[in-house]
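Novice: Pasting the sequence and the predicted model now:
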Amino acid sequence: MRSPTRNRSWLLAALFAFVALAWVGRSRPAWADDTLASDIDHLGSTDPVALHDTVDHLAKAGDARALPALQALDDGKLKMDTAGHAFIDDNGSVKSAVPGANRAPVGALTAVEVDNSMRRELGPALAALRLSAPEKDVRLAAAQELAGHPSDDATVLLRTAEKNEKDPDVHAEIVLALAQVDLASNDANRRLAAVVALQQSGDISFKGDMERLTTKDPQGEFNEPDPRVRQAAAATLKAIENKIALISVVGNLFYGISLGSVLLLAALGLAITFGLMRVINMAHGEMLMLGAYATFSVQNFFAAHFPNHMNWYLVAAVPAAFLLSFAVGVLLERTIIQRLYGRPLETLLATWGISLILIQTVRVIYGAQNVAVANPDWLSGGWQLLPGVVLTYSRLVVIVFSAAVLLFTWFVMNRTKLGLELRAVVQNREMAAAIGIATRRVDMWTFGIGSGIAGLGGVALSQLGNVGPELGQNYIVDSFMVVVLGGVGKMAGTVVGAMGLGIANKFLEPFAGAVLGKIFILGFIILFVQKRPQGLFALKGRFAEVG
């Protein structure tokens with residue numbers, strides 16, 4: 001008979017063994033008793049039918065843990081070892097394709113090759129698994145992917161996801177994907193529900209579907225036999241057309257404001273040299289061109305000497321463009337323009353010749369071909385306000401930049417000694433000289449600042465398109481129209497004229513075309529100036545005022 005002490009020892013030993021076995025069972029990875037590991041390893045099969053069945057099975061299982069393996073297969077990063085286990089090779093970093101499996105490859109790794117047919121299947125399969133991903137953006141992209149590749153399996157997955165999805169944005173995208181499928185259903189109630197869902201969403205991509213449901217076929221029969229669906233489709237079509245009209249208005253308004261901002265930058269300097277100094281400067285457009293080429297040169301300098309700081313080249317280009325255009329403007333005023341004050345037609349001919357010289361000089365230095373000025377990373381991309389309306393960061397920054405330059409110009413003209421002296425010279429040059437104002441120096445600084453502001457306009461233009469020797473020629477006529485329309489010598493008129501012409505151009509282009517639209521605007525300005533020669537903001541009193 002065993003003693004009580006030996007019995008207790010056996011009991012303790014048995015208890016210890018039980019706990020050890022339980023701990024071992026608990027510490028086993030989930031994949032060890034899971035079919036997921038076997039399915040992932042089968043992704044290395046050389047049999048196309050078996051590979052197709054494995055991908056299909058993983059997609060239907062809805063286990064998001066299979067996403068890395070399927071993504072690696074699609075990216076060509078899935079490899080197999082000699083033991084038949086799958087691994088992901090990410091630029092030399094090798095890890096098991098089975099989540100939680102801490103195993104090392106046996107022997108050499110062999111890449112898994114897939115053909116185009118399998119790649120087409122992988123897209124929907126990956127999207128199906130992403131529907132259960134924890135990240136909102138991933139689920140949203142998955143719903144959009146499945147909507148673009150409708151199938152019976154995708155429909156089942158989408159209906160399941162619709163019931164479980166809590167995020168309103170993702171849920172709305174899933175509803176749209178299901179509506180696209182249900183529009184082709186034989187069940188009229190499903191078609192009706194799909195049309196109602198599309199009316200609530202206002203998705204403009206379904207306009208063609210709604211037109212088809214409300215029209216007749218060549219035999220004179222309605223494409224949609226159910227009158228309830230036709231009526232709902234007509235209401236949905238009306239809502240879509242209203243949204244398209246809104247998108248067009250908002251888009252034209254934004255692009256019109258951005259164009260107006262460019263015209264404002266081009267015309268601000270001209271408003272000073274022409275509006276206040278009465279100099280018809282036909283070389284003003286070339287100041288824009290010089291500012292744009294200064295930006296190009298600063299970009300190349302940063303690329304050669306500061307390649308890690310390329311995002312800051314545009315900030316350095318602003319003072320560089322201003323100083324270059326300012327210096328050229330001062331040089332022209334000191335050598336040629338000052339001898340032609342009071343003779344506007346002669347300044348026109350002289351500055352026209354100067355513009356040709358500047359254009360040819362740039363061609364000699366930079367070549368006759370356009371040069372590309374790249375946007376910094378922080379100006380790339382945009383913000384989607386509406387479907388089809390993307391507020392690009394480059395144009396948004398141009399609008400803000402033009403407002404800043406306008407504020408700078410107003411400050412110089414109204415809050416500095418130079419601005420006070422300028423207003424005095426404009427109102428009465430002889431009296432200003434009599435009280436000690438150096439009128440020639442004021443002329444030089446004023447012409448230089450007007451040219452420098454045009455150079456800032458060139459910086460903005462370089463971010464919206466290519467830069468070429470003929471860049472300034474495209475804006476000189478528009479700049480004069482802005483100044484004349486707004487009122488010679490009035491800064492507020494320059495702002496209103498620039499924005500008015502920019503917006504009018506963008507609203508006329510869809511109907512009349514770019515060239516005919518400009519002709520209409522030019523004709524309107526000619527008639528307007530005949531009726532009101534002093535422009536929108538007429539000067540009051542005996543003397544010109546800056547305001």
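Specialist: Received the coordinates, thanks.

Novice: For the helix or strand harbouring Q360, which helices and strands make contact with it?
Specialist: Per DSSP states H and E, Q360 falls inside helix 344-366. Secondary-structure packing of helix 344-366 (3 or more C-beta pairs under 8 Å, 6 or more residues apart in numbering; DSSP states H and E): helix 284-305, helix 313-335. C-beta coordinates here come from the backbone N, C-alpha and C atoms, glycine included.

Novice: partners of the residue nearest the centre of the chain in the sheet?
Specialist: In the chain, the centroid-proximal residue (C-alpha atoms, centre = their mean) is G382; its distance is 2.8 Å. When assigned by DSSP bridges, G382 has beta-bridge partners T392.

Novice: for it, what are its contacts?
Specialist: Listed by C-beta atoms under 8 Å, 6 or more residues apart in numbering, the contact partners of G382 are V390, L391, T392, Y393, L396.

Novice: Show me how to select, in ChimeraX, the buried members of those residues.
Specialist: Typed into ChimeraX, the next command selects the buried ones out of these (criterion: 16 or more other C-beta atoms under 10 Å):
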select :391,392,393,396
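
Novice: For the contacts of G382, could you give me CSV that also reports distance to H284?
Specialist: As requested, the contacts of G382 are exported to CSV (distance: C-beta to C-beta, whole Å):
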residue, distance to H284
V390, 32
L391, 30
T392, 27
Y393, 28
L396, 26
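
Novice: got the buried residues for whichever helix or strand V400 is part of?
Specialist: Secondary structure from DSSP H and E places V400 in helix 393-415. Under the neighbour-count criterion of 16+ other C-beta under 10 Å, helix 393-415 has 393-399, 401-402, 405-406, 409-410, 412-413 buried.

Novice: What of stretch 248-258?
Specialist: G251, N252, F254, Y255, G256, I257, S258.

Novice: as a whole number, average confidence for stretch 124-135?
Specialist: What stretch 124-135 shows for mean pLDDT is 75.

Novice: Among the contacts of G382, find me the one that's closest to T273.
Specialist: L396 (28.9 Å; C-beta to C-beta).

Novice: distance of that closest one from G202?
Specialist: To G202, L396 is 25 Å away according to C-beta to C-beta, to the nearest Å.

Novice: and what of M210?
Specialist: Taken as C-beta to C-beta, the span from M210 to G202 is 11 Å.

Novice: ok so, going back, list the buried residues in the helix or strand following the helix holding V400.
Specialist: Downstream of helix 393-415, the first helix or strand assigned by DSSP H and E is helix 417-427. Buried residues in helix 417-427, counted by 16+ other C-beta under 10 Å: G419, E421, L422, R423, A424, V425, V426.

Novice: For those, give me CSV that also has pLDDT.
Specialist: Formatted as CSV, the buried residues of helix 417-427 follow (pLDDT from 0 to 100):
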residue, pLDDT
G419, 83
E421, 87
L422, 82
R423, 80
A424, 84
V425, 81
V426, 74
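
Novice: Make a markdown table from these and add distance to N242 to it.
Specialist: Output for those, formatted as a markdown table (distance: C-beta to C-beta, whole Å):
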| residue | distance to N242 |
| --- | --- |
| G419 | 49 |
| E421 | 56 |
| L422 | 51 |
| R423 | 51 |
| A424 | 56 |
| V425 | 55 |
| V426 | 51 |
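
Novice: Hmm, V175 is touching S201, no?
Specialist: Yes. Here V175 lies in contact with S201, judged by C-beta atoms under 8 Å, at a distance of 7.3 Å.

Novice: Quick check on those two: which one has the bigger neighbour count.
Specialist: More crowded of V175 and S201, by other C-beta atoms under 10 Å: V175, with 21 against 18.

Novice: Would you mind measuring from Q299 to G472?
Specialist: Distance, Q299 to G472, by C-beta to C-beta: 19 Å.

Novice: Which one's more surrounded, those two?
Specialist: With neighbours defined as other C-beta under 10 Å, Q299 and G472 compare such that G472 has more, 29 against 21.

Novice: tell me the domain ranges of this protein?
Specialist: 35-124, 131-225, 247-531 (automatic domain parsing).

Novice: Next, format the ones you listed as CSV and append distance to Q231.
Specialist: Shown next, in CSV, are these (distance: least, C-beta to C-beta, whole Å):
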stretch, distance to Q231
domain 35-124, 34
domain 131-225, 9
domain 247-531, 25
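
Novice: Looking at these, which one is packed in the most?
Specialist: Of these, the one with the most neighbours on average (mean count of other C-beta atoms under 10 Å) is domain 247-531, at a mean of 19.

Novice: Now do the helices in the stretch 51-200 of the chain.
Specialist: Listed in chain order, the helices of the stretch 51-200 of the chain (DSSP state H, counting those that start in this stretch) span residues 67-75, 116-130, 136-148, 152-164, 168-182, 188-201.

Novice: relative to helix 417-427, how tilted is the helix holding V400?
Specialist: Taking axes from the mean of the first three to the mean of the last three C-alpha atoms, to 10 degrees, one finds helix 393-415 and helix 417-427 inclined to each other by 70 degrees.

Novice: Which one of the contacts of G382 is nearest to L456?
Specialist: L396 (16.9 Å).

Novice: what distance separates the longest helix along the chain from the centre of its chain?
Specialist: Ranked by number of residues, the top helix in the chain under DSSP state H is helix 227-273. Chain-centre distance of helix 227-273: 16 Å, with C-alpha atoms, centre = their mean, to the nearest Å.

Novice: per-residue confidence averaged over it?
Specialist: Here the average pLDDT along helix 227-273 is 88.

Novice: now stretch 54-66
Specialist: 78.

Novice: now swap in stretch 459-467 and tell me
Specialist: 87.
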